[in-house]
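Peer 1: Got a predicted model here, sequence first, then my questions.
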Amino acid sequence: MPNVLDTVVIGSLEWLLKVGVVRSVLAVTAVSIALSLALTGLHLRIFVADPVPYEQWVFTAIAVPSIVAPLVSSAVLSLAYRLIAAQAALELAVRTDQLTGIGNRRAFFDLADRELARFGRGGQAFSVLIVDIDHFKALNDRHGHGAGDEALIAIASLCTSLLRRSDLFCRWGGEEFIALLPDTGPGDAITAAEKLRTAIADLPLASGHRLTSSIGVATSKAGQHKLDDIIREADRQLYLAKAQGRDRTMPPPAVLASRPIAVGSRPANGGKCAGHAIGPGGFLDGGLPSV
C-alpha cells in the first residue's frame, strides 16, 4: 500500500502531466519561488543575527529557484512523459492482436468487464456472439497461410464496420472472433449475428476462396450478468451450429426452446424452413427477418 507521501507525489505528477509541460514548468517554478521566499525569510529571522537588506534576500530567494526549477522540472517531466508514452504503447501492444489490429482476448475481458459493470447496475441485457470461420484450414492448405492471414484481416475489418460503435469485437483466437453487444436482447443479437454471417459469406477474397461462418449467440437473463457464463453458453451454441452443418447462426437456448430453428443455413429449397434450418430471407421467432 502506498504511503501518504507516495500518494501526494503520484497525484501531483499526474496533475502536472495533464496540464502540459509548459504549464507544469511554470507551476513548479511558482511553487519553488514561494517556498524559497518562505524558507529564506524564516532562516534569516531565526538564524541570522545581523539584519539583511530586504531587497537582497528577496532577490536571492526569487532568482535561484527561477533558474534552477525550470531546468530540473523540465528534465523530470520530459522523462515522465516518455515513460508514460512507452507504458501506454506497451499496454496497447499487449491488448492488440498483431495480425488484425483489433483487440485480443485480454482486451476483450478488460473492456467487457468495464462495460458490464456499467450495464449490470442498470439491469440491461447484453449478448455475446462467438464467430468461427468454417473450414479455415482448407484455405490455408490450398492457398497458403498468407491467404489465410489476409482473410482474417478482411473479416476483422468487415465485422467491425458492421457493428455499432458501442459493440466490442475482438479476436478470440485462431479463426474465432467474439463480440459483446451491450443493451441487446436475443432478437437483436440474432439479427446482428446474421448480418455478420451473411457479409462474411459474400466477402470477396483475393484467393477466390469462399468462406462461411458459424455463430453461437447467448444473451444474459434476469439476474445473470456473469460474463464467463454467457461466453460458455455462446460457445455451446457455436458447437451446436457446427454440429448441424455449419454456415448458420445458433440462437440462445431460450429462443430455441420456443421455436427450435437454427438460423442461416443455405438449403437448396431457396431458404424455406427445412427441418431445423432457415435460409436468407426467412424468418425466425414470428417475423424477425434473418438479415
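Peer 2: Alright, I've got the coordinates.
Peer 1: CA only for contacts and neighbour counts going forward, please
Peer 2: Noted.
Peer 1: all helices of this protein, in order?
Peer 2: 4-19, 21-47, 54-95, 105-122, 136-143, 145-162, 186-201, 227-243, 253-258 (DSSP state H).
Peer 1: Save the ones you listed as TSV, and put in mean neighbour count too.
Peer 2: Shown next, in TSV, are the helices of the chain (neighbours: other C-alpha atoms under 10 Å):
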stretch	mean neighbour count
helix 4-19	12
helix 21-47	16
helix 54-95	14
helix 105-122	15
helix 136-143	15
helix 145-162	17
helix 186-201	21
helix 227-243	20
helix 253-258	14
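Peer 1: what residues are up against the residue sitting nearest the centre point of the chain?
Peer 2: Centroid-nearest residue in the chain, with C-alpha atoms, centre = their mean: L111, separated by 4.5 Å. Shown in contact with L111 (C-alpha atoms under 8 Å, 6 or more residues apart in numbering): L168.
Peer 1: And for I230?
Peer 2: By C-alpha under 8 Å, 6+ apart, I230 lies in contact with S127, V128, A218, T219, S220.
Peer 1: Put the buried members of the residues you listed into a ChimeraX selection.
Peer 2: Remark: buried members of these, expressed as a ChimeraX selection using 16 or more other C-alpha atoms under 10 Å:
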select :127,128,218,219,220
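Peer 1: Sort out for me which of the contacts of I230 are in strands.
Peer 2: Judged by DSSP state E, those include S127, V128, A218, T219 as members of strands.
Peer 1: got the residues you listed as JSON lines, with pLDDT and distance to R197 columns?
Peer 2: Converted to JSON lines, the ones in strands among the contacts of I230 look like this (pLDDT from 0 to 100; distance: C-alpha to C-alpha, whole Å):
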{"residue": "S127", "pLDDT": "93", "distance to R197": "16"}
{"residue": "V128", "pLDDT": "95", "distance to R197": "15"}
{"residue": "A218", "pLDDT": "95", "distance to R197": "16"}
{"residue": "T219", "pLDDT": "92", "distance to R197": "18"}
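Peer 1: Closest one to E91 out of those residues, please.
Peer 2: V128 (24.8 Å; C-alpha to C-alpha).
Peer 1: you'd agree the closest one is up against T219?
Peer 2: Yes - when contacts are counted by C-alpha atoms under 8 Å, V128 is listed as touching T219 (6.4 Å).
Peer 1: For these two, list the residues in contact with both.
Peer 2: Joint contacts of V128 and T219 (C-alpha under 8 Å, 6+ apart) are A189, I230.
Peer 1: if we can go back for a sec, check the contacts of I230 and tell me the two furthest apart.
Peer 2: V128 and S220 (8.6 Å).
Peer 1: Show me the shaky parts of the stretch 101-250 of the chain.
Peer 2: 118-123, 222-225 (pLDDT under 70).
Peer 1: try 90 this time
Peer 2: Of all residues in the stretch 101-250 of the chain, those with pLDDT under 90 make up the ranges 110-125, 183, 206-207, 220-229.
Peer 1: follow-up on the earlier one: need the helices of the chain in CSV with distance to F169, can you?
Peer 2: Shown next, in CSV, are these (distance: least, C-alpha to C-alpha, whole Å):
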stretch, distance to F169
helix 4-19, 30
helix 21-47, 36
helix 54-95, 13
helix 105-122, 8
helix 136-143, 19
helix 145-162, 6
helix 186-201, 11
helix 227-243, 14
helix 253-258, 22
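Peer 1: Could you point out which of these sits nearest A179?
Peer 2: That would be helix 105-122 among the helices of the chain, by C-alpha to C-alpha, at 8.5 Å.
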